[in-house]
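S.K.: pasted the sequence and its predicted model underneath.
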There are 2 protein chains.
Amino acid sequence: MDAKDLLTIGEVAHRSGFPPSALRYYEREGLLRTARTSGGQRRYERSVLRRLAFIRAARTIGVGLDEVREGLDQLPDGRTPTKADWTRLSRSWRGRLDEQIEALVALRDGLDSCIGCGCLSLQRCRLYNPADRVAESGSGAQLLPRLLRRTPAQGM
Amino acid sequence: MDAKDLLTIGEVAHRSGFPPSALRYYEREGLLRTARTSGGQRRYERSVLRRLAFIRAARTIGVGLDEVREGLDQLPDGRTPTKADWTRLSRSWRGRLDEQIEALVALRDGLDSCIGCGCLSLQRCRLYNPADRVAESGSGAQLLPRLLRRTPAQGM
DNA sequence: GTGCAAGTTGAAGTCAGGTTGAGGTCAAGG
DNA sequence: CCTTGACCTCAACCTGACTTCAACTTGCAC
């Protein structure tokens, strides 16, 4: 916490791989807090790098920034987060990842059967069925896409 | 091809699960062609439903519209596409799906090791490494997200 | 022949996750 | 002190895949 330990935005950008524009954006969005010099420039504590690693990992998995913020907000207020804190956060993604994989595998199996039959039929094709139910039920809901919906990393 | 067989946009919307706005959009984007009544209203051949099934399946897998169009453009010009035509198109996705699954599994394994060590370290964490490479190469590109990027079926 | 649901258009809006640019300020080495 | 590169803010822009809106027209049932 020595003043010497504080990093400029350029240093953080270089070390984290996020461009400065993203760092400023994350700050605006409440994912990061920064100290400022008397002249108004950002100075980052070293711990921001771990936070950014978390953000990077979350984004890679496809977690949206809102949810990332929620996660980060659950970190202990006063003290520096421990290994256990980060572990707890990460663990919750394991399930999501499993879901995503499961959904894709189901899709692949469906695709296989479609390749087999060449159908893509409204009645029979498993790839198509989600939409079909919509047509039947009149509801706006979808089935498989729901699992995949959480839009995977878009930016940059 | 009897005039009686032509469908209105509402009927196609209902049977395909795509809202009319999406159907018009797809037409503007060159994924669909339609006949028109003397008054200018769209009339769809029934075959559009199969095309839409293809589009739905592609979007579900995460294929972008540009690529869907490319695929559809490869369908035979004069004749009605056969089962084999659709099969050929679908088969190319199998590989993509495999890739996506593989990427997610790798991610999950990486996550597991991170949960184990609680690190999310800049140097060691496998979840983090993709970004690290970016930082090195100076490019704005991402590695894994590229595979997951294409936003899964959004419509309705 | 009329009423009204369903259709038409083009333009603009939406959402996420940032990027880009203009115009100006800060900080550090010489 | 001065230069210069790094930094600041605010606003506007970007992509993809649509949706929504306003203002108007069609087409089918009665």
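M.R.: All right, it came through fine.
S.K.: in chain A, what residue is nearest DNA strand D?
M.R.: In chain A, the residue that lies nearest DNA strand D is A:Gly10 (2.6 Å; Cβ to the nearest atom of the strand). Where you see a C-beta, it was placed from the backbone N, CA and C, and this is true even at glycine.
S.K.: check contacts around that residue.
M.R.: Counting by Cβ atoms under 8 Å, 6 or more residues apart in numbering or on different chains, A:Gly10 makes contact with A:Pro20.
S.K.: separation between it and chain B?
M.R.: 13 Å (Cβ to the nearest Cβ, to the nearest Å).
S.K.: what comes up buried for the helix or strand where that residue lies?
M.R.: According to DSSP states H and E, A:Gly10 maps onto helix A:9-16. Of all the residues in helix A:9-16, those buried under the rule 16 or more other Cβ atoms under 10 Å in any protein chain shown are A:9, A:12-13, A:15-16.
S.K.: what about the biggest helix by length in chain A and DNA strand C, touching?
M.R.: Under DSSP state H, the helix in chain A containing the largest number of residues is helix A:83-117. No: judged by Cβ under 7 Å from any atom of the strand, helix A:83-117 stays clear of DNA strand C, getting no closer than 13.7 Å.
S.K.: which strands and helices sit next to that helix?
M.R.: With contacts taken as 3 or more Cβ pairs under 8 Å, 6 or more residues apart in numbering or on different chains; DSSP states H and E, helix A:83-117 sits against helix A:48-61, helix A:144-148, helix B:47-61, helix B:83-117.
S.K.: any idea which of those helices scores lowest on pLDDT?
M.R.: Note on those: lowest mean pLDDT is at helix A:144-148, with a mean of 34.
S.K.: ok, the nearest residue to A:Gly30 once chain neighbours are set aside - how many residues close by?
M.R.: The shortest distance from A:Gly30 to any non-neighbouring residue, by Cβ to Cβ, 6 or more residues apart in numbering or on different chains, is to A:Arg69 (5.8 Å). A:Arg69: 17 surrounding residues under other Cβ atoms under 10 Å in any protein chain shown.
S.K.: is it true that A:Arg69 touches A:Glu29?
M.R.: Yes: the pair A:Arg69 / A:Glu29 is scored as a contact, 6.9 Å apart, by Cβ atoms under 8 Å.
S.K.: now do the residue nearest to A:Gly30 against A:Leu89, distance only.
M.R.: A:Arg69 sits 12 Å away from A:Leu89, going by Cβ to Cβ, to the nearest Å.
S.K.: can you check A:Tyr26 too?
M.R.: A:Tyr26 is 16 Å from A:Leu89, by Cβ to Cβ.
S.K.: and what of A:Arg46?
M.R.: 19 Å.
S.K.: of the two, which one has the most company?
M.R.: Using other Cβ under 10 Å as the criterion, A:Arg46 and A:Leu89 rank with A:Leu89 on top: 22 against 12.
S.K.: excluding covalently adjacent residues, which one is nearest to the more buried one?
M.R.: A:Gly71 (5.0 Å).
S.K.: run a quick neighbour tally on the one you found.
M.R.: When neighbours are counted by other Cβ under 10 Å, A:Gly71 registers 20.
S.K.: which SSE is the closest residue to A:Ala58 other than its chain neighbours in?
M.R.: Using Cβ to Cβ, 6+ apart and skipping residues adjacent in sequence, the residue nearest A:Ala58 is A:Val68, 4.7 Å away. Under the criterion of DSSP H and E, A:Val68 resides in helix A:65-73.
S.K.: which helices and strands sit right next to that helix?
M.R.: Packing contacts for helix A:65-73, counted by 3+ Cβ pairs under 8 Å, 6+ apart, involve helix A:48-61.
S.K.: give the contact list for the residue nearest to A:Ala58.
M.R.: Contacts for A:Val68 were tallied using Cβ under 8 Å, 6+ apart; they are A:31, A:54-55, A:58-59.
S.K.: could you dump those into JSON lines and include distance to DNA strand C and neighbour count?
M.R.: Formatted as JSON lines, the contacts of A:Val68 follow (distance: Cβ to the nearest atom of the strand, whole Å; neighbours: other Cβ atoms under 10 Å in any protein chain shown):
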{"residue": "A:Leu31", "distance to DNA strand C": "9", "neighbour count": "20"}
{"residue": "A:Phe54", "distance to DNA strand C": "13", "neighbour count": "25"}
{"residue": "A:Ile55", "distance to DNA strand C": "7", "neighbour count": "25"}
{"residue": "A:Ala58", "distance to DNA strand C": "9", "neighbour count": "22"}
{"residue": "A:Arg59", "distance to DNA strand C": "5", "neighbour count": "21"}
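S.K.: quick one: name the residues of chain A near DNA strand D.
M.R.: Within chain A, the positions adjacent to DNA strand D are A:8-11, A:13, A:20, A:24, A:40-42, A:154 by Cβ under 7 Å from any atom of the strand.
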